[in-house]
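**Student:** Provided below for reference: sequence and predicted model.
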Amino acid sequence: MIDLVLKFARLGVFPTSVWTTQFVTMLSWKRKINSAWNLLDELMKLEAPVDAAPCNALLTGLGKEMDIKKMNAVMVKMKEAEIQPDVVTFGILINHLCKHRRLDQALEVLDKMQGEMSIEPDVVIFNTIIDGLSKVGRQEEAFELVEKMKSQHRGCSPNTVTYNCLIDGFCKAGEIDKGINLFHEMQEMELVPNAITVNTLVHGMCMYGRTSNAVRFFYEMRSKGLWGTAVSYTSLIDAFCKVNNIARAIEIFDEMVTDGFPPDSYVYYTLISGLTRAGRMNEALTYFQTLKDSGFSPDVVCYNVLISGLFNTNKADKAREIFEEMEKAGARPDGVTYNTLIAYHAKDGNFIEARKLLKKMVNEGHVPTVVTYGALIHAYCLNQKVNEAMALFKELRGSSKVTPNGVIYNILIDCLCKKQDVQQALALMDDMEVRGAKASANTFNAVFRALREERMVNKAFELMDRMVRQGINPDYMTMDILTEWLSGIGEMEKLRRFVEGCTVSEGDHAAGDGAAAAAS
DNA sequence: GTAGGGTTAG
């Protein structure tokens, strides 16, 4: 067909722009974006009438393939051929930039279209940017933009989508009350909230532990005829699972069915993951079966959740069975699957099987990561093979393929401290600071415990200073260890200073006061 | 060309 179109074109018989657009759309839909590009290019060379629409179709296709270079090339070609980009052209570009969190560039394009291109942005353009800003935590700027839409842009006032984006932005930032205010504001402006508005607010409340508010809001809206969708039920189920209220989660699941929303794969995944976290594997497997009976094919993540849950509850046989099923079902095991298997066998002391799996993983084209090696190192530690753990660590440190991160150091430091090998643990603490691996309160807690055993209080003061310097907050465990230790030796003043973010080492008071001033 | 849910491994 393409050949035929081009044959006609060479004779001066051109497809209309609508036809060309349909060709391009169809080709990029079939993932033949290069053919689409060539067709359009050929037609333009033959000086066929090409306007913005087919170019837009090509840009959309390239956007899906994340080919930003070619997208720019299309823009250049349009300019050369003097094809005026329209508001949709800019919509595609801005959307692409926003989805890749390049908001400043998106704002630049907005500026450019208003300025030198003199094309008025429409409500879709604004909504895209407002959503983008909200998603990168710049919801205040998004809010300002909405104010601007209200005051400056006649014929382009905010709509329901605008508010949904903005509400989501504030909810994700934890400002639920602001989200609720905006919900009221949109109604004052006679904008009708829809199911997505409800889903967004319910999710926001759930995410910040206001589950009972979410439930109340959800029912209240429902009684007014404003229904959420399966998405709202999913958020509620997830929230109840996370506080280990499985009974309530299942109730919501059943309610969803009675309310006439057939469960989709997301709802099943949520419940299965919640049941797995709770260690209730039999029920998880029952819902897993129902999911398959309903005609869904579980994805890799769902399989991974089950496999790790089964290993954690000592159901290794069942885990292996699910692993085999997944291979048969055509859900290709990924790096996480292999990491899970490797971790289990290694912890079990079966390092031969673990190494075998590592080989298989590589053969299947998955690159072992810092997590893979972390699993092995952790297992060596648990199996009293500290030397092997250190050897593997040194191997990593000397090679460039995987850089040990904070977790790796934590595992080793914790292990060394439990063996009361304080010197080597301290050496690793220094090494991790030099290498820029991030320590956590956990790291320090392990070392403090060992130092207390060895009565090395000055070293502890030094580390307390390091914690302050690195901006790592003590957790309740840190406080527990230090309070018990320091109160017993009359050093509570030091602890007090530490909590206030000051330096505690001897003869360092001036610096300490400076740090206090900086902290305040 | 614009809005909403689950992500598992050390």
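**Tutor:** Everything's here; your move. Numbering: from 1, shown residues only, chains lettered A, B, ... in the order given.

**Student:** Can you give me the buried ones in the helix or strand hosting A:Val257?
**Tutor:** Element membership for A:Val257, per DSSP states H and E: helix A:246-258. Under the neighbour-count criterion of 16 or more other C-beta atoms under 10 Å, helix A:246-258 has A:246, A:248-250, A:252-253, A:256 buried. To be clear about C-beta, it is placed using only N, CA and C from the backbone, and glycine gets the same treatment.

**Student:** hmm, who's touching that helix?
**Tutor:** A:230, A:233, A:236-238, A:240-241, A:263, A:267, A:271, A:274-275, A:278, A:280 (C-beta atoms under 8 Å, 6 or more residues apart in numbering).

**Student:** check the residues you listed against DNA strand B, which are close?
**Tutor:** Contacts with DNA strand B within the contacts of helix A:246-258, counted by C-beta under 7 Å from any atom of the strand: A:230, A:233, A:238, A:267.

**Student:** what sits against A:Leu451?
**Tutor:** Per C-beta under 8 Å, 6+ apart, neighbours of A:Leu451: A:422, A:457, A:459-460, A:463.

**Student:** Show me which of those residues are buried.
**Tutor:** A:422, A:459-460, A:463.

**Student:** For my notes, please list those in TSV and give distance to DNA strand B for each entry.
**Tutor:** Below are the buried ones among the contacts of A:Leu451 laid out as TSV (distance: C-beta to the nearest atom of the strand, whole Å):
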residue	distance to DNA strand B
A:Val422	23
A:Lys459	26
A:Ala460	27
A:Leu463	22
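
**Student:** any chance of the residues you listed in CSV, plus secondary structure, pLDDT and distance to A:Asp131?
**Tutor:** Below are those laid out as CSV (DSSP: H, G, I helix; E, B strand; the rest coil; pLDDT from 0 to 100; distance: C-beta to C-beta, whole Å):
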residue, secondary structure, pLDDT, distance to A:Asp131
A:Val422, helix, 93, 52
A:Lys459, helix, 95, 51
A:Ala460, helix, 95, 49
A:Leu463, helix, 94, 45
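
**Student:** Could I get the contacting residues of the single nearest residue of the stretch 51-200 of chain A relative to DNA strand B?
**Tutor:** Distance from DNA strand B to each residue of the stretch 51-200 of chain A (C-beta to the nearest atom of the strand) is smallest for A:Gly91, at 2.1 Å. Applying C-beta under 8 Å, 6+ apart, we find A:Gly91 in contact with A:122, A:124-125, A:128.

**Student:** Of these, which are in range of DNA strand B?
**Tutor:** A:122, A:124-125, A:128.

**Student:** Using TSV, please lay out those residues together with pLDDT, neighbour count and secondary structure.
**Tutor:** Shown next, in TSV, are the ones next to DNA strand B among the contacts of A:Gly91 (pLDDT from 0 to 100; neighbours: other C-beta atoms under 10 Å; DSSP: H, G, I helix; E, B strand; the rest coil):
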residue	pLDDT	neighbour count	secondary structure
A:Asp122	92	15	coil
A:Val124	95	18	helix
A:Ile125	96	24	helix
A:Thr128	96	25	helix
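
**Student:** right, and A:Pro263 touches A:Val231 too?
**Tutor:** No. Counting by C-beta atoms under 8 Å, A:Pro263 sits too far from A:Val231 to count as a contact (11.9 Å).

**Student:** Looking at these two, which has the bigger crowd around it?
**Tutor:** A:Pro263 (22 against 19; other C-beta atoms under 10 Å).

**Student:** Which residues are in contact with the more buried one?
**Tutor:** A:Pro263 neighbours (C-beta under 8 Å, 6+ apart): A:230, A:253, A:256-257, A:294.

**Student:** Can you name the next helix or strand after the one helix or strand A:Val5 maps to?
**Tutor:** Counting by DSSP H and E, the element that carries A:Val5 is helix A:2-10. Counting by DSSP H and E, the element after helix A:2-10 in chain order, helix or strand, is helix A:17-29.

**Student:** Let me know the angle separating that next one from helix A:2-10.
**Tutor:** 150 degrees (axes from the mean of the first three to the mean of the last three C-alpha atoms, to 10 degrees).

**Student:** and A:Ala343, how far is that from A:Thr372?
**Tutor:** 9 Å (C-beta to C-beta, to the nearest Å).

**Student:** quick revisit: could you dump the buried residues of helix A:246-258 into CSV and include distance to A:Val202 and pLDDT?
**Tutor:** Formatted as CSV, those follow (distance: C-beta to C-beta, whole Å; pLDDT from 0 to 100):
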residue, distance to A:Val202, pLDDT
A:Ile246, 19, 95
A:Arg248, 15, 95
A:Ala249, 14, 96
A:Ile250, 18, 96
A:Ile252, 11, 96
A:Phe253, 15, 96
A:Met256, 13, 95
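
**Student:** tell me, which of those make contact with DNA strand B?
**Tutor:** Within the buried residues of helix A:246-258, nothing lies near DNA strand B by C-beta under 7 Å from any atom of the strand.
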